[in-house]
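Trainee: The sequence and its predicted three-dimensional model are supplied below.
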Amino acid sequence: MRRMPSKSLPLRLSAVAIVLLVILFFMLIRSGAGWSASEKTIINGEGVMRVLTIEDKSDSQFLRTPCKDLTIKEIRSTEYTTLAERMLVTVTSPEQDGVGIAGPQVGIGRRVVAVQRFDKEGEPFEVYPNIRVTAKRGSPEPGPEGCLSIPGRRGDVLRWQDIDIAYTSPRTGRDTTETIKGFTAVIFQHETDHLDGVLYIDKLVP
């Protein structure tokens, strides 16, 4: 006698297909869409990168746009390595001579900054993906600030002198937290503001 076909088999297959589609959907979300063609064009240029300024209308609009996180795949890509190297070349170039720079300042709308660590021996520049300020302690103090994207201007801004930062470690792929103090803490606050579309002139002390 033949086994009669089960009426529930198509239903089981449909359920499996739905589960697989849901898994694939979340895998795509986690992996991200990767670097866009325009980002790759900017990243894979040569030498000092063009720094966006508020003097240009389209530049200003981009500087006011909140940035996206980087996926682990993107952080471990050759594009990220090249971007980090070129951001350092740009911020340390004689024409800029800055102490920090953020992704949107070079046309990359991602949460990445380069900061000079005055709190470390040798005062090295370091690059931090997916960075956020997660804690602020004490009372904010006023201090002068300038910005590569706002040439020819300076002003006093209230900043905390004792903060925590969190970022993704390119080596481990895990979130890492550090406590930062003093002038270096001020730089981190200035640069992470850029990632949220905020400029120091928005916070000037009257």
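Mentor: Alright, I've got the coordinates. Note that the structure is a prediction, hence the values are computed from the model and not measured.
Trainee: and the top strand by length along the chain, C-alpha only, in PDB?
Mentor: In the chain, taking DSSP state E as the definition, the longest strand is strand 150-159. What follows is strand 150-159, C-alpha atoms only, in PDB (Å, rounded to 0.1, in the frame of the first residue of the first chain):
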ATOM      1  CA  ILE A 150      34.600  76.400  10.400                       C
ATOM      2  CA  PRO A 151      37.700  78.200   9.300                       C
ATOM      3  CA  GLY A 152      38.700  81.500  10.800                       C
ATOM      4  CA  ARG A 153      36.500  81.300  13.900                       C
ATOM      5  CA  ARG A 154      36.900  80.400  17.600                       C
ATOM      6  CA  GLY A 155      34.700  80.500  20.600                       C
ATOM      7  CA  ASP A 156      34.300  79.200  24.200                       C
ATOM      8  CA  VAL A 157      32.300  76.000  24.800                       C
ATOM      9  CA  LEU A 158      31.300  74.200  28.000                       C
ATOM     10  CA  ARG A 159      32.900  70.700  28.100                       C
END
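Trainee: So which other helices or strands are in contact with that strand?
Mentor: The contact analysis (3 or more C-beta pairs under 8 Å, 6 or more residues apart in numbering; DSSP states H and E) places strand 150-159 against strand 141-147, helix 183-195. C-beta here means a position set from N, CA and C on the backbone, and glycine is covered the same way.
Trainee: Can you give me the distance of I201 to F125?
Mentor: Distance, I201 to F125, by C-beta to C-beta, to the nearest Å: 24 Å.
Trainee: Okay, strands next: where are they in this structure?
Mentor: Using DSSP E, strands in the chain cover 100-102, 112-116, 125-129, 132-137, 141-147, 150-159, 162-168, 175-181.
Trainee: can you give me the angle the fourth one makes with helix 183-195?
Mentor: Angle of strand 132-137 versus helix 183-195, following axes from the mean of the first three to the mean of the last three C-alpha atoms, to 10 degrees, is 130 degrees.
Trainee: Show me what counts as buried in strand 132-137.
Mentor: Buried residues in strand 132-137, counted by 16 or more other C-beta atoms under 10 Å: R132, V133.
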